[in-house]
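Trainee: quick one: sequence and predicted model below, then my questions.
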Amino acid sequence: MDDVVIIGSGPAGLTAAIYACRANLSTTVVAGSAWGGQLMLTTEVENFPGFPDPILGPDLMENMRRQAEKFGAKIVYEDATKVDFSARPFKVFAGGEELEARSVIIATGASSKWLGLESEERLRGRGVSSCAACDGMFFRGKKVAVVGGGDTALEEALTLAKIASQVTVVHRRDKLRASKVLQERALGNGKIGFAWNAVVVEILGKEKVEGIRIKDVQTGQESTIYCDGVFVAIGHQPNTELFKGQVELDPMGYVVTHEGSRTSVEGVFAAGDVQDHKYRQAVTAAASGCKAALDAEKWLQVA
C-alpha cells in the first residue's frame, strides 16, 4: 500500500510527487499511457520561473519526471480505469492492477474542447487539429484558421504565424479574452487577421480541409474563408469522467476543492487544471500540486 497515489503526470502531478517523496511518503504516479499533460503538446515555454531562455514543453516535463523519480516516485505508464473512494484504503485500478493508497491526489488535468461539427470530426487529422505545436509544420506556407479568442487561441495563432503564410482568428465576439501581452503580439503580427463576431458552421472539404464557412452572429450572414488547416482552440474540459460519483464535481465537471486542495472525500485531494478553470497555467498547476502534497502529508499524520 502506498501513502500516496497520484493520478496524472502533468506539472501538478509530478510536482506533487516531488513533494510527497521528499516528505518520505511512498508514492506512485499513475502517469497514463500518454504522460506529461498538455505541455507535451507545447513548443516553447517562456513563462515558467527559472528559465530565462524558452524551454520546450516536453523537455520541461522530462525534467520534472526525472526529478520525481530521483526522489523515489514510482511511475506507472498506464491509464487509470476505475477508482473506489468509498472506503480506506482507497483503490485505483490501472493496467489491470489494483493499487491501494492511504491518500490520493487527483491531477488528471483537462482536454481540448471541439466544435461538435460532423465535418470537424470527419476531417480531424486531415487538416483539423487542436495543437499547432504538433501539426503546424504540415501547413508551412499555407493558409490556416484558428477558432477561439482566449490565451490558447492566440498562442496557437502566434505559433502558426511563424510557419503559415496567413492566419485568420475566428472569434464569436468583437473583443478578445486573451491576456494583454498576447493580444498585443497577435494584433501587431502582419500575418494574423481576425473574423469578428463569427462562428464556424462547417469545415469544407472531402478528403482534406479546403476552407470554413462562418456565420456572423449579429447579422446571420454566412461567408467562406479558404484555408488548408483549422486549429480549434475554444477551451478545455476537465478529465473527471473517472471521478463521477466518487468526489463532488461542479456544474462544469471540475473537481470541487476547499481549504486548499481537499475534495469532498477525506484523504482525497486535487491539483492542477482538473480543479482550476480560471488560471490554467503550468506554474499554477505546479503550485497546486505542491499544496496537494503538503495537505496530504499533514492529513496522513493524523489519519
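Mentor: Yep, it's here.

Trainee: C-alpha from now on. contacts and neighbour counts both.
Mentor: Will do.

Trainee: contacting residues for the residue lying closest to P11 once chain neighbours are set aside?
Mentor: Distances taken as C-alpha to C-alpha, 6 or more residues apart in numbering put A286 closest to P11, at 4.8 Å, once the chain neighbours are dropped. By C-alpha atoms under 8 Å, 6 or more residues apart in numbering, the contact set of A286 is P11, A12, G13, L14, T15, A16, G272.

Trainee: dump those to JSON lines, plus pLDDT, secondary structure and distance to F243.
Mentor: Below are the contacts of A286 laid out as JSON lines (pLDDT from 0 to 100; DSSP: H, G, I helix; E, B strand; the rest coil; distance: C-alpha to C-alpha, whole Å):
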{"residue": "P11", "pLDDT": "97", "secondary structure": "helix", "distance to F243": "20"}
{"residue": "A12", "pLDDT": "98", "secondary structure": "helix", "distance to F243": "17"}
{"residue": "G13", "pLDDT": "98", "secondary structure": "helix", "distance to F243": "16"}
{"residue": "L14", "pLDDT": "98", "secondary structure": "helix", "distance to F243": "20"}
{"residue": "T15", "pLDDT": "98", "secondary structure": "helix", "distance to F243": "21"}
{"residue": "A16", "pLDDT": "98", "secondary structure": "helix", "distance to F243": "19"}
{"residue": "G272", "pLDDT": "97", "secondary structure": "helix", "distance to F243": "15"}
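
Trainee: and the helices in this structure?
Mentor: 11-22, 57-70, 118-122, 132-135, 151-161, 180-187, 282-302 (DSSP state H).

Trainee: so which of these gets nearest V83?
Mentor: Each of the helices of the chain was scored for nearness to V83 using C-alpha to C-alpha, and the closest is helix 11-22 (16.8 Å).

Trainee: using PDB, write out every CA atom in the closest one.
Mentor: The C-alpha trace of helix 11-22 is given here as PDB (Å, rounded to 0.1, in the frame of the first residue of the first chain):
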ATOM      1  CA  PRO A  11       3.000  19.800 -13.800                       C
ATOM      2  CA  ALA A  12       0.600  19.300 -10.900                       C
ATOM      3  CA  GLY A  13       1.000  15.500 -10.600                       C
ATOM      4  CA  LEU A  14       4.800  15.500 -10.900                       C
ATOM      5  CA  THR A  15       5.300  18.400  -8.500                       C
ATOM      6  CA  ALA A  16       3.000  16.600  -6.000                       C
ATOM      7  CA  ALA A  17       5.200  13.500  -6.500                       C
ATOM      8  CA  ILE A  18       8.400  15.500  -5.800                       C
ATOM      9  CA  TYR A  19       7.000  17.000  -2.600                       C
ATOM     10  CA  ALA A  20       5.400  13.700  -1.400                       C
ATOM     11  CA  CYS A  21       8.600  11.800  -1.900                       C
ATOM     12  CA  ARG A  22      10.700  14.500  -0.200                       C
END
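
Trainee: in it, what's buried?
Mentor: Residues of helix 11-22 classed as buried by neighbour count (16 or more other C-alpha atoms under 10 Å): P11, A12, G13, L14, T15, A16, A17, I18, Y19, A20, C21.

Trainee: was I right about the fifth one contacting C290?
Mentor: Meaning T15. Yes: if you go by C-alpha atoms under 8 Å, T15 and C290 touch, sitting 5.8 Å apart.

Trainee: who's in contact with stretch 20-38?
Mentor: 2-11, 13-14, 17, 58, 61-62, 68, 71-80, 94, 109, 111, 293-294, 297.

Trainee: ok, now stretch 95-102?
Mentor: By C-alpha under 8 Å, 6+ apart, stretch 95-102 touches 1-5, 78-81, 88-93, 267, 300.

Trainee: filter the residues you listed down to the buried ones.
Mentor: Using 16+ other C-alpha under 10 Å, the buried ones in the contacts of stretch 95-102 are 2-5, 78-80, 89-93, 267.
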